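Chemist: A predicted structure for the sequence below; I have some questions about it.
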Number of protein chains: 4
Amino acid sequence: MKRILTCLFAAALVWPAAAQVRGKIDIPNLKDFVTLKCDFHIHTVFSDGNVWPTVRIAEAYREGLDAISITDHIEYRPYSADVAASHNRSFEIAEPAAKAAGIILIRGSEITRAMPPGHLNAIFLTDCDQLEQADYMDALRAAQKQGAFIFWNHPGWDAQQPDTTLWWPEHTKIWEQGLMHGIEVVNGSHYYPEAHRWCLEKNLTMIGTSDVHDPIQAQIDFAKGGRRSMTLVFAREASAEGIHEALVERRTAIYSRERLIGQERFLKELFEQALDIKVEKSGNSARITIKNNSDLTFRLKKNRHDERLVYFRDYTIVPQGLHVITVRFQGGIQGGDMNFSVENLLTRPNQGMDYTIKL
Amino acid sequence: MKRILTCLFAAALVWPAAAQVRGKIDIPNLKDFVTLKCDFHIHTVFSDGNVWPTVRIAEAYREGLDAISITDHIEYRPYSADVAASHNRSFEIAEPAAKAAGIILIRGSEITRAMPPGHLNAIFLTDCDQLEQADYMDALRAAQKQGAFIFWNHPGWDAQQPDTTLWWPEHTKIWEQGLMHGIEVVNGSHYYPEAHRWCLEKNLTMIGTSDVHDPIQAQIDFAKGGRRSMTLVFAREASAEGIHEALVERRTAIYSRERLIGQERFLKELFEQALDIKVEKSGNSARITIKNNSDLTFRLKKNRHDERLVYFRDYTIVPQGLHVITVRFQGGIQGGDMNFSVENLLTRPNQGMDYTIKL
Amino acid sequence: MKRILTCLFAAALVWPAAAQVRGKIDIPNLKDFVTLKCDFHIHTVFSDGNVWPTVRIAEAYREGLDAISITDHIEYRPYSADVAASHNRSFEIAEPAAKAAGIILIRGSEITRAMPPGHLNAIFLTDCDQLEQADYMDALRAAQKQGAFIFWNHPGWDAQQPDTTLWWPEHTKIWEQGLMHGIEVVNGSHYYPEAHRWCLEKNLTMIGTSDVHDPIQAQIDFAKGGRRSMTLVFAREASAEGIHEALVERRTAIYSRERLIGQERFLKELFEQALDIKVEKSGNSARITIKNNSDLTFRLKKNRHDERLVYFRDYTIVPQGLHVITVRFQGGIQGGDMNFSVENLLTRPNQGMDYTIKL
Amino acid sequence: MKRILTCLFAAALVWPAAAQVRGKIDIPNLKDFVTLKCDFHIHTVFSDGNVWPTVRIAEAYREGLDAISITDHIEYRPYSADVAASHNRSFEIAEPAAKAAGIILIRGSEITRAMPPGHLNAIFLTDCDQLEQADYMDALRAAQKQGAFIFWNHPGWDAQQPDTTLWWPEHTKIWEQGLMHGIEVVNGSHYYPEAHRWCLEKNLTMIGTSDVHDPIQAQIDFAKGGRRSMTLVFAREASAEGIHEALVERRTAIYSRERLIGQERFLKELFEQALDIKVEKSGNSARITIKNNSDLTFRLKKNRHDERLVYFRDYTIVPQGLHVITVRFQGGIQGGDMNFSVENLLTRPNQGMDYTIKL
């Protein structure tokens, strides 16, 4: 009887006894790419996180993520008196659950040093244990040898950079040696405009992550519409390889707290793929019907414009919403440019994306 | 400037200034019929309800309903000192909003008398004012002349039947004259098993309604997963005509507080359309994977069965859930009948639907 | 039997059949004043609102408000073909419910004109019908004669001021004649920094209102923590008279979308009454324990400071939260000024309140 | 710099960086006892649970619990390849967090055997490791020697008792030797009426627990009003000792899914402490005003009564609700007994508590 009991338990380890409900985040694909929702910075009890690795798979499934990387600290393991294992263990434990759930799981680690250079994540590793090195440059090189994608974590973390987000000479060195491919422009609820600028200037991939340590619900209030910060990866295919190629080619955007952060070419296409915009003109007014087919919010703010074109000052397009907007033509005009900024689509540091609907 | 102002306001009356988000209730269609979610018992300020008729359209749109009927009381109009109008007005006011929103709006009224016979709804009317008659039989005949579908409301309402749900001689008379085609088996949160039995015995259509008077959110807590009670109509087409034909042919079920109430042929097909059930046998056990593709909940309770087949005592299939259930074979059996009752699918008064998965 | 039925119905009109749950918004009193939560701009079917007046009382009860004023438009009554009544009716209908619920109900009306001067609310009226005047100055004078408190509504409403929030000569005239005592600095979800400045410059009372037309839940998502915009009135007593005196004396603040807007003396006292702050110093660090005893959120952002004092860049104090903040002393200092701005407490237009915790 | 970093991290281990919000469950005290909300069956990664022990403290704090016991399995440790430690570790790790949070933490273990006798929890242990014994009787005796309170877990668990909830001879033996002091009448969402009966017959303490393995939010939907199953302990004081004494004296009730299960003397007093009931009689009717000052729900169902007393068939008193109920007197009576059962207060297996309001 004990045997049977154990066997029942064992099954439960791969797929939870309780039902799992797959979440869905409605963000459109681009014309040439599939949009994958990814979180590349996650902890478990194998470093200083507070959950077992399989919990991270259940969370990803429930939240509608496509891919995650568990990136436990190499150098910081406060639970090591009780939890002793190879740095590969959190991946190995989570892997069967990831397969059962259809989540792409990427092997990773967090190189965890004082500033400079601070913390860096290496993902797409083959053996995390090789990153245990006295010199962080050796750790980075070990990661690179495995074909890793490496990004600098939370460059503006106040525990390491209390007053200013600085790029240190050490970062120049790492970057020049090809050991830094991206930066976290968003970590958790924090957005770093300086990192945003560095990514644009130095052609680095923009990354957004949760850096979750606790059960995700202790940090995100899903009932209030909260979502973890994540990286949208515009991939040729929904696979680990597809993600790797897209990261290298910098085809990402960040989705965090209703904001999208990324290159204008991606944000503009997301905006246009998300919305059906229909314009009907009649006499001295136009009626614009906008159907938002996505879970994205868009916050419009009127821009410099011909004042004979009378429309909203600001306007919010809500997820899945159907909106009817009226524009009036004054002073005899028959149409014009309805200019606005989409305030929560950041194409430059702290700066919304300009857009025009031609009437 | 005043003119423009007025004109802006007028536009707002048809489509609200705020965005509207269309709700969706995932209940499968049947093989031969489309499943329409309908509420045929609703009040406005034109009787004793507390909202303007257009609010009822916005509510239906937001909740994912396909059709509603506003059925203000003929004989009970406590606001008539301030709101004075034809009994057709609530329909007329709501109609343009219904068209804009794509909601099927059915003209109706509630004949409102002391018990017996109590209250009866007549829907698919052409002129509600004709129902203002001294004798309720005349009112019912006026409705019938217009081709109305007539159903008895809340037969177990404690204000009219405080201790027992009685069928009075008056109901026999109404029914025998073909003036009663259905009964509310559910009104609001109340289920009347006696009415359920009458519908089965007398071949009457089963109706479930909200009977909402206040803003719907004052009665239903949507954030907690609440939904109004409604009638599922299995129609040949999504139109007023389609609904009328289905009601006459008794092709309905009631959806109320996670329960479905209706004829077994419909509930069984809904159950099977909602679920993908996959059975994998291996050695002395079977693994049953169930994917619920609907928003319905199914509460299973083990039935009389071969005790060598070891499975759950009770089990809940959650909306959109993916479930893995393990069944063990003992005593050398290789399979068997996994019997259970779906407790919240009522095919007889207060009685769940039996079902078997063959292993 | 009919009589009894009617009598039951009648009771329901004063207190709803369904249970009512009194809401509570935890905002502290000031040392010398009780903090009352008030909404002075509300519509019903008696102008262009979409609910019966009693609904507004049930909403206020459920949301934890202390006082409301129903302010139907004098000049704009699109439902008048069906709803015909004195301008006093919405008050009269709501009054018994307000008494039963313990809500202070203030008689009011909205004078509704094109810009200039736009819309103005007059509250504490004795007879709303007197405000039906061809000339808006006559309407204002009629209100004044009744002892009304008058405020200018939504000065930055884009339908009337599409591109800039202007103070017109007409407003100077009204103000100089003592016919404007306050301005809506917040209307619904809109904040008007210009109006904020005018209130400071001209000693006008700052008002924030919902201007609700639909059922409140159609505008505010309470499950997601939403609240209507309201005026906090710091009154000597919880009565209509107490509110009137406080409004005249400009003892108000606005609570809207997690922000407080008002004079620094009030916001600072609210901040200090809401929080228990305990500082423990030990060696080269201090531990600050903050218990928030209110439902208010405070968003702190570090200000100019001695950089040897190392603390957060920004920090959010959540409702009812218990927070432990660590501050480090570097370079041999033993303490210092922990400066920050409380970003969501606006004491000047678009500007947070500065605050210092001495360590 | 590394040192400082580590030190910051260390602080975070005791009190989370994020704010903690203390929950509150409004259940009244009894006249002579304080009502403590306790969960005595909880798992962590130290057996087959999926969270670090400190998470259980944060959960208890957030949910408003007073006391918990972490009861990892002695014999079932599927994670032991990675997590290797004494059976006392989960307690030791959680203890500083419990102290910081003011949660009473009770040392416990789950003796985990095939049926019979199945699983038993021993709490108030001093050294869990002593329970590692080949013979379960030895394990129970070791617990008893430490002064433990011992209860039988989930007697109706379908994995161990698939079709019937049986009391085995082994349980008689354990019970007769004084090694079983209580039974889980509720485990998670399951209620076992047989166990309810055994507790009444054999004078055993009724226990309700969550048996939580995953992060609690993965099992309980708090946003929908869900709560974990728990034991209400009616203690002389809010301390571990107070709880122990109350458990031994069988002063408990179970709170699970809106139900209370326990001895009538406790449930009746909770009912009366929770409600203010005011009766006003006038002519041929009475008006009953009920204010529920608790978070408990009470579901009333009319009982055998004088039919001249006309009142509801069933009625729900909602948490914190204010209710007005009208009762009519017919046939010349002037009052009477308003009898009902409180259906969700189970004083006997599956049976509600009878109650009468005298009019």
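Modeler: Here it is on my side, so go on.
Chemist: now do the same end-to-end measure for stretch A:179-194.
Modeler: End-to-end span of stretch A:179-194 (CA to CA, to the nearest Å): 20 Å.
Chemist: For stretch A:351-359, list every residue counted as buried.
Modeler: A:G352, A:M353, A:Y355, A:I357, A:L359 (16 or more other CB atoms under 10 Å in any protein chain shown). Quick note: C-beta positions are derived from backbone N, CA and C, even for glycine.
Chemist: Could you tell me which of the residues you listed belong to strands?
Modeler: A:G352, A:M353, A:Y355, A:I357 (DSSP state E).
Chemist: Pipe the residues you listed into TSV and attach distance to C:Q161 and pLDDT per row.
Modeler: Listed next are those as TSV, based on distance: CB to CB, whole Å; pLDDT from 0 to 100:
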residue	distance to C:Q161	pLDDT
A:G352	23	98
A:M353	26	98
A:Y355	24	98
A:I357	22	98
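Chemist: Please produce TSV containing these, extended by distance to D:G102.
Modeler: Listed next are these as TSV, based on distance: CB to CB, whole Å:
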residue	distance to D:G102
A:G352	46
A:M353	49
A:Y355	53
A:I357	57
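Chemist: Count the residues that sit near A:A218.
Modeler: When neighbours are counted by other CB atoms under 10 Å in any protein chain shown, A:A218 registers 22.
Chemist: And A:D66, by the same measure?
Modeler: A:D66 has 23 nearby residues by other CB under 10 Å.
Chemist: Ok, the one 4 residues further on next?
Modeler: For A:I70, the count of nearby residues is 31 (other CB under 10 Å).
Chemist: Spit out the contact partners of it.
Modeler: A:I42, A:H43, A:T44, A:F46, A:P53, A:R56, A:S90, A:F91, A:A94, A:L105, A:G108 (CB atoms under 8 Å, 6 or more residues apart in numbering or on different chains).
Chemist: The same query, at a cut-off of 10 Å, please.
Modeler: Applying CB atoms under 10 Å, 6 or more residues apart in numbering or on different chains, we find A:I70 in contact with A:39-44, A:46-47, A:49, A:53, A:56-57, A:89-91, A:93-95, A:98, A:105-110, A:123, A:128.
Chemist: Poorly predicted segments of chain A, please.
Modeler: A:1-17 (pLDDT under 70).
Chemist: circling back: nearest to chain D, of the buried residues of stretch A:351-359?
Modeler: A:G352 (29.2 Å; CB to the nearest CB).
Chemist: A:V327 bridge partners, please.
Modeler: A:A286 (DSSP bridges).
Chemist: With C:D163 as the reference, measure out to it.
Modeler: To C:D163, A:V327 is 13 Å away according to CB to CB, to the nearest Å.
Chemist: Check A:L105 too.
Modeler: 52 Å.
Chemist: quick one: which of the two has more around it?
Modeler: Comparing A:L105 with C:D163 by other CB under 10 Å, the one with more neighbours is A:L105, at 22 against 13.
Chemist: Make sure the more buried one is actually in contact with A:F124.
Modeler: No. Between A:L105 and A:F124 there is no contact under CB atoms under 10 Å: 11.2 Å.
Chemist: Now the common contact residues for these two.
Modeler: With CB under 10 Å, 6+ apart, A:L105 and A:F124 have common neighbours A:S69, A:A240.
Chemist: which other helices and strands contact the lengthiest strand in chain A?
Modeler: Ranked by number of residues, the top strand in chain A under DSSP E is strand A:337-348. For strand A:337-348, the elements it packs on are helix A:193-202, strand A:252-256, strand A:259-262, helix A:264-274, strand A:298-302, strand A:309-310, strand A:314-317, strand A:351-358, judged by 3 or more CB pairs under 10 Å, 6 or more residues apart in numbering or on different chains; DSSP states H and E.
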